[in-house]
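Q: Below are the sequence and a predicted model for it; my questions follow.
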Amino acid sequence: MLAASVAILSAFALATAQYVAVERPVWHSPLFVRGASSGDWSAWRSRHARTARRGVLGALVTVACVAGAAAVVPLPAPVVVDADAPFPSLVADRPVGPEAASVQQSVREALSETRWPGHLDPAIDDLGVDQAAPEWTRSGCLSYAAGETGESPEQLGTRCVFGEPGASRRAVLVGDSVAISWAPAIRAALGPAWSVTILTMGQCPFAFVAVTRMDGSDFAECDRFHTYAAHAVGSTAPDLVFLSQSDSSTGRTAPGSAGAAMNEGLDRALRRYAAAAGAVVVLPAPPERPNLWTCYSVVSSPASCISPVGDAHVQADAALTAAARRSGALFVDTDPLFCAESVCPAFVGGSVVTVDKIHLTARYSRELGPALREALEPLLGAPDPRPGAPG
């Protein structure tokens, strides 16, 4: 708010100065009078000199006062994190790996920064959905309702297969736009020996539960997508299935039974996918944070964009953790890759974390690949447990 006030008042002051000191005198000058004499110019200078001086002086005083107020009003303080606290593990009952620890150290350092980095990637001026996962923004593999795109979910499921054609192992990613945001991390974690098929639909969680759209309208296409995705996974018997969904999904279930309906939908989906795949991995959504362009300015500090982990995320994570435990799926607690002590920076290292409130930038998602691979090591190194499973 302070940064916005400074910018608005400064712009107003400069605009006033321009009008009073330049525009109005020019429009009333002899410049537009044919045959104007030196006397006309002398009279014009006498009339407008004092007004121009006052306009410029007033603008300068306004800018100085606003800048002074910005200097006096304290900016948010950086977060002080316990430097000696152990790094949390991403997987229960397993030690934290060096890659995950490295990312967590960078998160702690970002929380303590008092100045914006000289270079952020992507640049703040470039932030937008175009900086999200290329599997979404360039390849167009996020499905929408019928009629909104030229391809059906079935067509996208056939086309959106990434990796070498002869890859020996297969993975499938199922969920919504949050899920496809994980695609660069998943592909980086798995490497060239894997193919990754993307089955995602915007605003449609992987849980087998009826939801509305964000605007409250009916979303029957999501129910049909659940049926298609389950059939597609069952018919291909992949080695791994990755599942992820937005924290807001629970709030779009039937009124009065949101938690119960979501829990039941999670259980049904996890049982179905676990029966069809070698293993199931659940990736939670990143904790929601403000749009960076709403809190960043040249007079703000990184602390202005630090955000706490919200209740909706805590509840969604708890539901996913419990459902994964009931089904035997692997839940990867990715929160330490985004936050420390329940507060989250807008950037880590030189990378902006999200393009908006919840969708990872392609760069940061890709950078999480090594840490994710550490969490997946027991699954990646083990032979396929299914009898007769294709190689």
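A: That came in fine, so what should we check first?
Q: ok, now which ones touch Pro88?
A: Contacts of Pro88 were listed using C-beta atoms under 8 Å, 6 or more residues apart in numbering, and they are 96, 104, 333, 335-336. (Each C-beta comes from the backbone N, C-alpha and C, glycine too.)
Q: and with 10 Å instead?
A: Taking C-beta atoms under 10 Å, 6 or more residues apart in numbering, we find Pro88 in contact with 96, 100-101, 104, 333, 335-337, 340.
Q: now those in JSON lines, with neighbour count and secondary structure?
A: Shown next, in JSON lines, are the contacts of Pro88 (neighbours: other C-beta atoms under 10 Å; DSSP: H, G, I helix; E, B strand; the rest coil):
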{"residue": "Val96", "neighbour count": "18", "secondary structure": "coil"}
{"residue": "Ala100", "neighbour count": "26", "secondary structure": "helix"}
{"residue": "Ala101", "neighbour count": "18", "secondary structure": "helix"}
{"residue": "Gln104", "neighbour count": "24", "secondary structure": "helix"}
{"residue": "Asp333", "neighbour count": "18", "secondary structure": "coil"}
{"residue": "Asp335", "neighbour count": "20", "secondary structure": "helix"}
{"residue": "Pro336", "neighbour count": "18", "secondary structure": "helix"}
{"residue": "Leu337", "neighbour count": "25", "secondary structure": "helix"}
{"residue": "Ala340", "neighbour count": "23", "secondary structure": "strand"}
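Q: Show me where the stretch 201-350 of the chain has its strands.
A: Per DSSP state E, counting those that start in this stretch, the stretch 201-350 of the chain carries strands over the ranges 240-244, 279-282, 307-308, 330-331, 343-344, 347-348.
Q: for the ones you listed, which one sits closest to His359?
A: For His359, the closest of the strands of the stretch 201-350 of the chain is strand 240-244, at 11.4 Å, according to C-beta to C-beta.
Q: closest to Arg115 among the contacts of Pro88?
A: Distances from Arg115 to those, taken by C-beta to C-beta, are shortest for Ala340, at 19.1 Å.
Q: beta partners for that closest one?
A: Beta-bridge pairing for Ala340 (DSSP bridges): Val343.
Q: Check whether it really touches Val79, as I assumed.
A: Yes - the pair Ala340 and Val79 passes the contact test of C-beta atoms under 10 Å, sitting 7.8 Å apart.
Q: any common contacting residues for these two?
A: Taking C-beta under 10 Å, 6+ apart as the contact rule, Ala340 and Val79 both touch 108, 110-112.
Q: one step back: of the contacts of Pro88, just say which sits nearest to Thr200.
A: Leu337 (20.9 Å).
Q: you'd agree Val332 is up against Pro378?
A: No - applying C-beta under 10 Å, one finds Val332 not in contact with Pro378, separated by 11.6 Å.
Q: Those two - which one has more neighbours?
A: A direct count of neighbours by other C-beta atoms under 10 Å for Val332 and Pro378 places Val332 higher, at 23 against 11.
Q: Quick check: chain neighbours aside, which residue is closest to that one?
A: Excluding its sequence neighbours, the residue lying closest to Val332 (C-beta to C-beta, 6 or more residues apart in numbering) is Ala375, at 4.7 Å.
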